[in-house]
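Asker: attaching a predicted model along with its sequence, questions to come.
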Amino acid sequence: MAITRREFLATAGSSGTLAVTALKHRAPVSAAIESDREYWTSIAGRIADPVLRCAADGTLKARMPVEQAAGANRRSVAHLEAVGRLLAGLAPWFELGADRSAESAIRSRYAALAVEAIAQSVDPGSPGFLNFTADRQPLVDAAFLAQALLRAPRALLGSLDAGTKQNLAAALASTRVITPAFSNWLLFTAMVEAGLAALGASWDATRVEYAVREHEQWYKGDGVYGDGPAFHFDYYNSFVIHPMLVDLVATFADRIAVVREMSARIEERARRYAAIEERLIAPDGAFPPVGRSLAYRCGAFHLLAQSALRRALPAGVNAAQVRGALTAVIRRTLGAPGTFDAEGWLRIGFCGHQPDVGEPYISTGSVYLCSVAFLPLGLPATDAFWSEPPQPWTQQRAWSGQAFPIDHAL
């Protein structure tokens, strides 16, 4: 059972700094001794800690630094970005609930903070109330917040009190005043409706149908959708498109005929793109820095991580090789010097601190989309993803002279 915020803060000390953040100050542990799951947990906690602590006590807007491109003004939208994106990635981890592991205490503490963070973020009377309507960006991050609710129906959605649920539904519905771009943004409008449906609030089937139908028109082949009518060589098929289509199918296939009719194709294409993603990961965890939004770092593998969580990996790709590949990516993108500032906040970059990687729409809040690479933490430690011995991933096999499966287009 998750502890209360008061109990949590009592264990954290008068400064409010988590005891578990000592993980980032401990002596180095060799990769041969530290398990992959322990490593993932330590990094997930390091990413989550400043965001959830400040959001839970209503001080996020006052305390989160907002790094951004020269001339940009993202301060009004950066805080919802941080909360929504972080929770979209860590929600399945919270959903595991309590057990007898040492990890459980850490997980329960952060889950309790996440519930309080949502409450503060949607309470109009709180100093921590976040912007859901000014500018266009809040639509995006309301959608990621809604996706978090779907991924943790007990730990997050089920732990909110009635007043918070009412405030959250109002906040999500308020984003309907924002007109989405004719692109992957249509999925944000649909995901907001999924969040409203999960809350038991009134939802609009037309917004969902429109998003799904348009993406069917934008399908280019071999598991790849256009970002709108045009094809873009970037990671948006994984950042947004496939993961949200898959979650919309899970939410609406039994309620909307069009979604049900397209569900098999959506799933088949997601498996193919997950296979492509696994093959993009180099033997050392590097991957091509192509396209926009590279500051999302390991978030580029949202779909591969989601596929592992759902036990929906493509044929010929096993869970242990994906664990190894994602671990290598996380180490490369989040383990580089300069990734975090002195207070533990993420900084803009692809591998370390590289401010010029950030487009004008990128800020400190944006980069928390890296958390979606951690979705497999929602699998128990006994799952094959974590328990099977290490296996080389495709590029490791190919570049070491081992046999590896040839690739086939869909």
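Answerer: That came through fine.

Asker: and the lengthiest helix in the chain, what's its mean pLDDT?
Answerer: Using DSSP state H, we find that the single longest helix of the chain is helix 257-280. Averaged across helix 257-280, pLDDT comes to 98.

Asker: check which residues of that helix are buried.
Answerer: Judged by neighbour count using 16 or more other C-beta atoms under 10 Å, the buried positions of helix 257-280 are 258-259, 262-263, 266-267, 269-280. From N, CA and C alone the C-beta is placed, and that goes for glycine too.

Asker: ditto for stretch 148-158
Answerer: 148-152, 155-157.

Asker: same question, stretch 284-297
Answerer: 285, 287, 292-297.

Asker: most widely separated two among those residues?
Answerer: Farthest pair in the buried residues of stretch 284-297 (C-beta to C-beta) is 285 and 292. Separation: 21.3 Å.

Asker: what is the neighbour count of the residue nearest to residue 244 when sequence neighbours are not counted?
Answerer: Leaving aside its chain neighbours, residue 244 sits nearest to residue 187 (4.2 Å; criterion: C-beta to C-beta, 6 or more residues apart in numbering). Burial of residue 187 is recorded as 27 neighbouring residues (other C-beta atoms under 10 Å).

Asker: tell me the mean pLDDT for the helix or strand where residue 187 lies?
Answerer: Using DSSP states H and E, residue 187 maps to helix 185-198. For helix 185-198, the mean per-residue pLDDT is 98.

Asker: average pLDDT for the helix or strand following that helix?
Answerer: Using DSSP H and E, the next helix or strand after helix 185-198 towards the C-terminus is helix 205-217. Averaged across helix 205-217, the pLDDT comes to 98.

Asker: tell me the angle helix 205-217 makes with helix 185-198.
Answerer: 140 degrees (axes from the mean of the first three to the mean of the last three C-alpha atoms, to 10 degrees).

Asker: put the alpha carbons of helix 205-217 into CSV.
Answerer: The C-alpha coordinates for helix 205-217 follow below in CSV (Å, rounded to 0.1, in the frame of the first residue of the first chain):
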residue,chain,number,x,y,z
ALA,A,205,-15.6,9.8,-30.0
THR,A,206,-15.3,12.1,-33.0
ARG,A,207,-11.9,13.4,-31.9
VAL,A,208,-10.6,9.8,-31.5
GLU,A,209,-12.0,8.6,-34.8
TYR,A,210,-10.6,11.6,-36.7
ALA,A,211,-7.1,11.1,-35.3
VAL,A,212,-7.1,7.3,-36.1
ARG,A,213,-8.6,7.8,-39.6
GLU,A,214,-6.1,10.4,-40.6
HIS,A,215,-3.1,8.4,-39.5
GLU,A,216,-4.4,5.5,-41.6
GLN,A,217,-4.3,7.9,-44.5
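
Asker: perfect, I'm done here.
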